[in-house]
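Trainee: Predicted structure and sequence below. I'll ask about it afterward.
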Amino acid sequence: MTQLRIGTLLGLFAGAFVLAWAAAGLMDSHGMLPAVPLLAPVALGAIAAVLLATALLLRSRIKAARERRPGARGVEPMMAARAVVLGQASALVVSVVSGVYGGLGIFLVLEYLDVSARRDQAIYAGLCVLMGVAVCAAALWLERICRLPEDDENGPLGSPA
């Protein structure tokens, strides 16, 4: 499994941002500018909370197993792999979603700052971008927690090279 790169996430965000900003201008010229729902940042925040809770749980279990505490339950490799895949998929999708909301939010700020309903939607879009950053940070941290420790003498899995 390859490690998630910040550059990939930023590239997806930037591409979606530019496309959403251009599409918002086009849709506005036809009078069909979409609204930013109030629950969008709440949903992204919930995803970030789930990833953070998963990371904290796995970190405590891995730490307890490494310290050989009595009664400590280790982490099965498949469970850790599933958690990492969930985090990576979430980060990739949320990068695009945050880019879309970011582009729409900037368009709303530049064009409709004097309209109170659209200003509120711009705030919701900004919150979506912040929650997207939280999701990506939690996903990257989860991936770091589940990484196998490397042994320099015997290779990455402890077997002789």
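Mentor: All right, it came through fine.
Trainee: Could you pull up the residues touching I145?
Mentor: The contact partners of I145, by CB atoms under 8 Å, 6 or more residues apart in numbering, come to 55, 58-59, 62. In this view, the C-beta of every residue, glycine as well, is placed from N, C-alpha and C.
Trainee: State the distance from it to L9.
Mentor: Counting by CB to CB, to the nearest Å, the gap between I145 and L9 amounts to 18 Å.
Trainee: same thing with A122?
Mentor: 23 Å.
Trainee: same deal with G103?
Mentor: Distance of G103 to L9, computed by CB to CB: 16 Å.
Trainee: try T2
Mentor: For T2 relative to L9 (CB to CB), the value is 13 Å.
Trainee: ok, these two, which is more surrounded?
Mentor: L9 (24 against 6; other CB atoms under 10 Å).
Trainee: Could you list the low-pLDDT ranges of this protein?
Mentor: 149-161 (pLDDT under 70).
Trainee: hey, which helix is longest across it?
Mentor: helix 77-111 (DSSP state H).
Trainee: contacting residues for A35?
Mentor: Contacts of A35 by CB under 8 Å, 6+ apart are Q121.
Trainee: hang on, it in a strand?
Mentor: No. With DSSP: H, G, I helix; E, B strand; the rest coil as the criterion, A35 is located in coil rather than a strand.
Trainee: Phi first, then psi, for it.
Mentor: Main-chain torsions, A35, degrees, to the nearest 10: phi -90, psi 150.
Trainee: This structure: helices as residue ranges?
Mentor: Under DSSP H, the chain gives helices at 6-29, 39-66, 77-111, 116-145.
Trainee: Most neighbours among the contacts of I145, please name it.
Mentor: That'd be A55 among these, by other CB under 10 Å, with 21 neighbours.
Trainee: Excluding chain neighbours, what is closest to it?
Mentor: Residue nearest to A55 in three dimensions, not counting chain neighbours: L142, with 4.1 Å by CB to CB, 6 or more residues apart in numbering.
Trainee: With A134 instead?
Mentor: A134 sits nearest to A48 (CB to CB, 6+ apart), 4.0 Å away.
Trainee: Hmm, the one you found is touching L142, no?
Mentor: No. Taking contacts as CB atoms under 8 Å, A48 lies outside contact range of L142: 10.9 Å.
Trainee: neighbours of A48, just the number please.
Mentor: Applying other CB under 10 Å, we find 22 residues neighbouring A48.
Trainee: Fine, thanks again, bye for now.
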